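Have a look; sequence and predicted model below, questions after that.
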Amino acid sequence: MKSDLPKVAHPAAGRTLVEWVLDSLTGLDPATVTVVVGHGAERVRERLPTGVATAAQAEQRGTGHATAIGLEAIEGLSADDVVVVLYGDTPLLTPALVSSLAGLGPEETGRIVVTTMDDPTGYGRVLRDDEGAVVGVVEEKDCTPEQRLIKEVNAGIYAIRAQPLEEALSLVSDDNHQGEFYLTDVVGILASRGDRLMAVSASSEEVAGINSQDQLAEVRTELQRRVNHRLMESGVWMLDPQRTYIDDTVVVEPGARIYPGVHLEGATTVGAGAQVGPDVFARDSTIGAGATVWYAVLRSAIVGEDCEVGPYASLRPGTVLAKGAKAGTFVETKNATLGEGAKAPHLSYLGDATIGARTNIGAGTITCNYDGFEKHHTEIGEDVFIGSDTMLVAPVKIGDGAVTGAGSVITRDVAEGSLAVERNEQLEIPGYAERRRGQRSDAED
């Protein structure tokens, strides 16, 4: 991947690759789930769901070695227990495929997922006998010229009963091109002793592994298609699903309308009837029912029902908009609460502020919350009218129903129902424009 991030910890559509693989276990209800970790183990562990165990492979000696380490970490295995072995970089696996793989009959030793590729370069080839049973898998570097022509490949995904798997792993050798213990050798070992693995077919797309950034992008596109398809099936409207990017962790209620250029990430929720987009980025934020958010950025913000945000608004962490509030064009908020029906229509910065219901914030208003050392709070009451270009120097409190004159710098509290104006007396110099033109003319001469 040419990245400091472990491959299986790379994100796609809101989950890491390994989380998507674990998600494919839905419906199996496994007794134990163990992830074998190696490179970047801690960064992988921190993204694993609660209840998922890990086993450390300190020295990477191949897939067979990793499987043996995983088995050793599982306590209380019975001989007939079915062990499912998956790769952590195959995020397109579906629960249906994994359930089909794991559904062994009473007389079956195991199953293996196979797929057919027009260009199987880089993959282990599946060997079958004359009756079509799988009798072995050969890694490409160890293939004969004839075996390289085989287009059916091993997907690296198995379901094998515990005792045969343990016995076969104990017989795996590292006498191969890479000096590793291949899990694929288990297939041949089982076949040689009379146990056969049944083949489960899958599309090459579903079992595709990720080994580069461009492959990750291709998989991300498919995962996003699945997420969007699920949402639209539930009743979410999308103008252009191919230009809509919603994490699998996001909740969008039926009836919401999503326009192109929308990115919804993390724990974001969108209520019924909300209109989001065009061009909205929201992470870990709430957009209430009936709200309109367009051309805006939301980070850990709460937008209530029937609110309006944007265009070109930035709602930073700690922002809360009560029902019907508005943060309009080129408005930035941070740690600010706007009460029900309060409005900041345009060109304002509201930081560390509490704004009461039905208050109107005039254009160009700024809460001056930072004195160079500490942040301070501004409290604005209900039904207040803040005139355009007002500077509110915190800490300061504006009482209910008060008014501030345009262009004022408010440094002291304003009582309820009062008008606060802070301006120098306007000075007018008659004839100034004519004298100025004369000065310019003299300069040009």
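All right, it came through fine.

With adjacent residues omitted, what lies nearest to the spatially most central residue of the chain?
Residue closest to the mean C-alpha point of the chain, counted by CA atoms, centre = their mean, is residue 14 at 2.5 Å. Distances taken as CB to CB, 6 or more residues apart in numbering place residue 247 nearest to residue 14, at 2.6 Å, with adjacent residues excluded. Just so you know, the C-beta spots here come from the backbone N, C-alpha and C atoms, and that holds for glycine as well.

do the same with residue 338
Using CB to CB, 6+ apart, the nearest residue to residue 338 is residue 325, at 4.1 Å.

coming back round to it: list the contacts of the residue nearest to the centre of the chain.
Residue 14 makes contact with 227, 246, 247, 248, 249, 250, 265, 266, according to CB atoms under 8 Å, 6 or more residues apart in numbering.

State the distance from the fourth one to residue 309.
Right, the one you point to is residue 248. 24 Å (CB to CB, to the nearest Å).

Ok, the third one next?
With distances taken as CB to CB, residue 247 is found 20 Å from residue 309.

Looking at those two, which one has more neighbours?
More neighbours surround residue 309 than the other of residue 247 and residue 309, with 30 against 20 (other CB atoms under 10 Å).

Pull up the gap between the more buried one and residue 325, please.
Distance, residue 309 to residue 325, using CB to CB: 9 Å.

Over to residue 72?
58 Å.

Between these two, tell me which one has more neighbours.
residue 325 (27 against 12).

where does the more buried one fall, phi/psi-wise?
The phi/psi pair for residue 325 (degrees, to the nearest 10) reads phi -80, psi 160.

Equivalent analysis for residue 262, please.
phi -90, psi 130.

That one and residue 247 touch, don't they?
No. Using CB atoms under 8 Å, residue 262 is not in contact with residue 247; the gap is 11.4 Å.

tell me the contacts of residue 292?
Residue 292 makes contact with 274, 275, 307, 308, 309, 310, according to CB under 8 Å, 6+ apart.

any idea which of the residues you listed is closest to residue 334?
Taking CB to CB as the measure, residue 334 lies nearest residue 309 of the contacts of residue 292, at 14.2 Å.

what separates the closest one from residue 365, distance-wise?
Computed as CB to CB, the residue 309 to residue 365 distance reads 17 Å.

Check residue 24 too.
52 Å.

now do residue 304
Distance, residue 304 to residue 365, using CB to CB: 21 Å.

In terms of neighbours, single out the busier of the two.
Between residue 304 and residue 365, residue 365 has the larger neighbour count (other CB under 10 Å), namely 24 against 20.

I'd say the more buried one and residue 398 touch.
No. Look at residue 365 against residue 398 with CB under 8 Å: they stay out of range, at 11.1 Å.

Please list the residues outside the helix or strand hosting residue 354 that contact it.
Element membership of residue 354 [criterion: DSSP states H and E] is strand 343-355. The contact list for strand 343-355, computed with CB under 8 Å, 6+ apart, reads 325-339, 342, 359-367, 369-370, 375-380, 384, 392, 394.

From those residues, keep the buried residues only.
325-339, 342, 359-367, 369, 376-380, 384, 392, 394 (16 or more other CB atoms under 10 Å).
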